[in-house]
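# Sharing a model prediction with you, sequence too.
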Amino acid sequence: ISQAIEGFLSQKTDFEFEILIHDDASKDNTAEIIKKYAQMHPNIVKPILQTENQYSKGISISRTYNYPRAKGKYIALCEGDDYWISEYKLQKQVDYMESHPDCTLCFHNAVIVNNDGMVVRNSFLPKNEFYSPYFNDVDSIYTTDQMILLDFAPTNSLLFKLADAMEICEFIGEKKYVCGDLPARIFYPSRGYAYYFKEKMSAYRTGVPGSASQRANNSFEAKLKTIQGHITILNDFNLYTNGKYKESIKEAIDLKIFSFFYRHGSLLVCKDQQYRRFYKRASLKTRISFLLRAHCPLIYNITTRLIR
């Protein structure tokens, strides 16, 4: 948490900003660290320190505790395990959105670090090659349709307007989604468009004990629940936009189903004609592997053992 707060305080801006921290009854020394920073920077660091966990009660933290007390025009997100690595991150993003009022979401690339802070991947780019056609590794504008299909946008890179956040929170209501990044990266662009900075201006920490990402990777059932949750979000977004992006939403749902079952070796759903278009965009090696697994599983298993 110290690294995260130091990243906020290091920002060089020509505008004032506040650091709104909500500690959801942490059982370690997090609250004490936050108190120390609040005492050192009382006009900037503004914490809420819970004595009882609110998220477990189904309460949305941002919607209930942070967004209503925010005084600024924009909201920048960063979860406690992550941190910002560019001291000009906020200035660059705000400058762009101020000069392009139709932009309603700004995000950027990030590095991935382990629990000790060592870089394990020098980019947050999509690892799944089925999603890669939707990604442009240059500073660029993304439409809502593209954001629906883009499985990439580090949560700690997101910047959006507070007014949009409050209106979208009103639509979402008491729904408890499995994640917060997917709703953000599709709801906000639908009110304008999204802009991507190629520069890596934050660090995403992976492998943190007890984190949501680690829990989601624990079992097939947990991963399946996550995918089902993603589909729920997409269907709700379809309602929010009155079906305006229904074709992209259907494509995104099909892609999530195909990718999930393909990666877990369950090819029954992948044999369906409606999913076959996805494997055609993959590398030749992946396509051959797919065909062997789908039609000649015995040969595939023998080949895999020989390669190993």
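Sure thing, it's come through. All of these numbers come straight from a predicted model, not from anything done at the bench.

# CA atoms of stretch 198-207 as PDB?
Extracted in PDB, the C-alpha atoms of stretch 198-207 (Å, rounded to 0.1, in the frame of the first residue of the first chain):
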ATOM      1  CA  LYS A 198       0.900   2.800 -25.500                       C
ATOM      2  CA  GLU A 199       3.200   4.100 -22.700                       C
ATOM      3  CA  LYS A 200       3.500   1.800 -19.700                       C
ATOM      4  CA  MET A 201       2.500   4.100 -16.800                       C
ATOM      5  CA  SER A 202       1.500   1.600 -14.100                       C
ATOM      6  CA  ALA A 203       2.400  -1.800 -12.600                       C
ATOM      7  CA  TYR A 204      -0.100  -4.600 -12.100                       C
ATOM      8  CA  ARG A 205       0.900  -7.000  -9.400                       C
ATOM      9  CA  THR A 206       0.200 -10.700  -9.900                       C
ATOM     10  CA  GLY A 207       0.300 -13.700  -7.500                       C
END
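
# gap between it and the chain center?
The chain centre lies 11 Å from the centre of stretch 198-207; the measure is CA atoms, centre = their mean, to the nearest Å.

# Flag the shaky bits of the stretch 151-300 of the chain, pLDDT-wise.
Across the stretch 151-300 of the chain, residues meeting the criterion (pLDDT under 70) sit at 209-218, 294, 300.

# Which stretches in the chain count as helices?
Counting by DSSP state H, the segments of the chain that form helices are 2-9, 30-40, 61, 89-99, 144-149, 162-172, 181-187, 212-216, 220-240, 246-263, 276-279, 284-295, 297-307.

# what about the fourth one, distance to the chain center?
The reference is to helix 89-99. For helix 89-99 - counting by CA atoms, centre = their mean - the centre lies 20 Å from the chain centre.

# ok, now the longest one?
With CA atoms, centre = their mean as the basis, the distance from the averaged C-alpha position of helix 220-240 to the chain average is 14 Å.

# Next: the third one.
In this view, helix 61 has its centroid 16 Å away from the chain centroid, taken as CA atoms, centre = their mean.

# re the thing from before, can you list the helices of the chain in a markdown table and add distance to Pro133 and mean neighbour count?
All C-beta spots, glycine's among them, are computed from the backbone N, C-alpha and C. Formatted as a markdown table, the entries for the helices of the chain read as follows, by distance: least, CB to CB, whole Å; neighbours: other CB atoms under 10 Å:
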| stretch | distance to Pro133 | mean neighbour count |
| --- | --- | --- |
| helix 2-9 | 33 | 18 |
| helix 30-40 | 41 | 15 |
| helix 61 | 35 | 15 |
| helix 89-99 | 25 | 18 |
| helix 144-149 | 9 | 22 |
| helix 162-172 | 28 | 15 |
| helix 181-187 | 17 | 23 |
| helix 212-216 | 24 | 14 |
| helix 220-240 | 19 | 15 |
| helix 246-263 | 10 | 18 |
| helix 276-279 | 10 | 16 |
| helix 284-295 | 13 | 14 |
| helix 297-307 | 26 | 11 |
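
# The stretch 51-200 of the chain: strands as residue ranges?
Ranges of strands in the stretch 51-200 of the chain, per DSSP state E, counting those that start in this stretch, are 74-76, 83-84, 103-113, 119-121, 140-142, 159-161, 193-205.

# Of all the ones you listed, which one is nearest Asn43?
Closest of the strands of the stretch 51-200 of the chain to Asn43 is strand 74-76, at 17.9 Å (criterion: CB to CB).
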